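Participant: Predicted structure and sequence below. I'll ask about it afterward.
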Amino acid sequence: MLTSLPFDPLPRRAPTLDEPLTVNLRQPPPDVVVPWHSHDWAQLAYPLRGAIRVSAAGTSWLTPAFRAVWIPPGIEHEVAMLGQVELRTVYVAREVAPLPLGACTVIEVSDLMRSLIESLSRVGRATPGDAERRDLMIRLLLTEMRQAPTLSLGLPLPRDRRLQALCEALMAEPASALALGGWAVRVGASERTLARLFRDELQMSFGAWRQQLRLACALDMIGRGRPLGDVAAELGYASQAAFSAMFKRAFGVPPGRFMQSRQGGGAASAARDGESIA
């Protein structure tokens, strides 16, 4: 178990019987990687600013602001900061876990959840008044976590070295338009073999895996305030309209409306007009 990191300004507070949920503040150096480790408690990794990549159980989740990754107790995981990140880690005792204990998942972080997390990061533990207020907020936060919508943003990661080379190259260059036949030449396997490996190891096609990667990257870039036209171009779409159509098929709403519920109407209007939503 990883108990301390050289960049941690404050000691981490594990959950206890009296305080089954704790919030820990983290401001790690840019692009730092927290090595593989596990906890006896569950964890909700929530980037307040920036984005993180969490790898666990053969899957990688790219998680921007407004999202959080649920990591059950005992699951080995690695956390990579993507640029400058301000992170909140919510530790939850197994006994009160509001989400499944068998698998990681990505949930949306509502305004109420965000406010509760920030308040719990500051509430004191010394006086009875603080303890009562803290306990009420913990109960409400656990309820909100239990009811939070989930998002299918996990990218399954392969074991086969040829498929690893392909997926790592795509993660570095998600806009690549290279077809599976072209990748076959680059990684030293036939197109048929790669298609079989995607189906057998990752339970999805090459096209579906690439779209899942692009969706995760899009959420990260939009969350950073990038104009939608730039996002579309950097992810390999011929136009902003084509990108918006893909996004709407995946999430049910266009990207501007998707962000509106999280950043306010003005930000979403700017996004729809192709302007920055920072």
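Facilitator: Structure's in. What do you need?
Participant: What about residue 185, how many residues nearby?
Facilitator: Using other C-beta atoms under 10 Å, residue 185 has 11 neighbouring residues. Yep, even glycine has a C-beta here, placed from its N, CA and C like the rest.
Participant: Name the SS class of it, please.
Facilitator: Here residue 185 is helix, with the state taken from DSSP: H, G, I helix; E, B strand; the rest coil.
Participant: residue boundaries of the helices in the stretch 101-250 of the chain?
Facilitator: 111-122, 128-147, 161-172, 180-187, 191-202, 206-223, 228-234, 240-251 (DSSP state H, counting those that start in this stretch).
Participant: In a markdown table: those, plus distance to residue 49 and mean pLDDT.
Facilitator: Below are the helices of the stretch 101-250 of the chain laid out as a markdown table (distance: least, C-beta to C-beta, whole Å; pLDDT from 0 to 100):
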| stretch | distance to residue 49 | mean pLDDT |
| --- | --- | --- |
| helix 111-122 | 12 | 92 |
| helix 128-147 | 20 | 90 |
| helix 161-172 | 22 | 92 |
| helix 180-187 | 35 | 95 |
| helix 191-202 | 31 | 94 |
| helix 206-223 | 9 | 86 |
| helix 228-234 | 18 | 92 |
| helix 240-251 | 22 | 88 |
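Participant: now for the ones you listed, which one comes closest to residue 21?
Facilitator: Residue 21 sits nearest to helix 128-147 of all those, at 4.6 Å, using C-beta to C-beta.
Participant: on contacts alone, who are the packing partners of that closest one?
Facilitator: On a contact count with 3 or more C-beta pairs under 8 Å, 6 or more residues apart in numbering; DSSP states H and E, helix 128-147 meets strand 21-26, helix 111-122.
Participant: quick one, the longest one and helix 128-147 angle?
Facilitator: I take that to be helix 111-122. Here helix 111-122 points in a direction 140 degrees away from that of helix 128-147 (axes from the mean of the first three to the mean of the last three C-alpha atoms, to 10 degrees).
Participant: To residue 27, which of the helices of the stretch 101-250 of the chain lies closest?
Facilitator: Going by C-beta to C-beta, the one of these nearest residue 27 is helix 111-122, 12.2 Å.
Participant: Touching that closest one from outside, list them.
Facilitator: Contact partners of helix 111-122, identified using C-beta atoms under 8 Å, 6 or more residues apart in numbering, comprise 21-25, 46, 48, 88, 90, 109, 134, 137-138, 140-141, 144-145, 148, 262.
Participant: Buried only: go through those residues for me.
Facilitator: Neighbour-count burial (16 or more other C-beta atoms under 10 Å) is assigned, among the contacts of helix 111-122, to 21-25, 46, 48, 88, 90, 109, 134, 137-138, 141, 144-145, 148, 262.
Participant: can you tell me which helix or strand the most centrally placed residue in the chain belongs to?
Facilitator: The structure's the chain has its C-alpha centroid closest to residue 63; by C-alpha atoms, centre = their mean the separation is 1.8 Å. Using DSSP states H and E, residue 63 maps to strand 59-64.
Participant: What mean pLDDT does that strand get?
Facilitator: Confidence over strand 59-64 (mean pLDDT, whole number) is 84.
Participant: I'd like the helices of the stretch 101-250 of the chain as a markdown table, with distance to residue 33 appended.
Facilitator: Output for the helices of the stretch 101-250 of the chain, formatted as a markdown table (distance: least, C-beta to C-beta, whole Å):
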| stretch | distance to residue 33 |
| --- | --- |
| helix 111-122 | 23 |
| helix 128-147 | 26 |
| helix 161-172 | 15 |
| helix 180-187 | 25 |
| helix 191-202 | 23 |
| helix 206-223 | 17 |
| helix 228-234 | 23 |
| helix 240-251 | 28 |
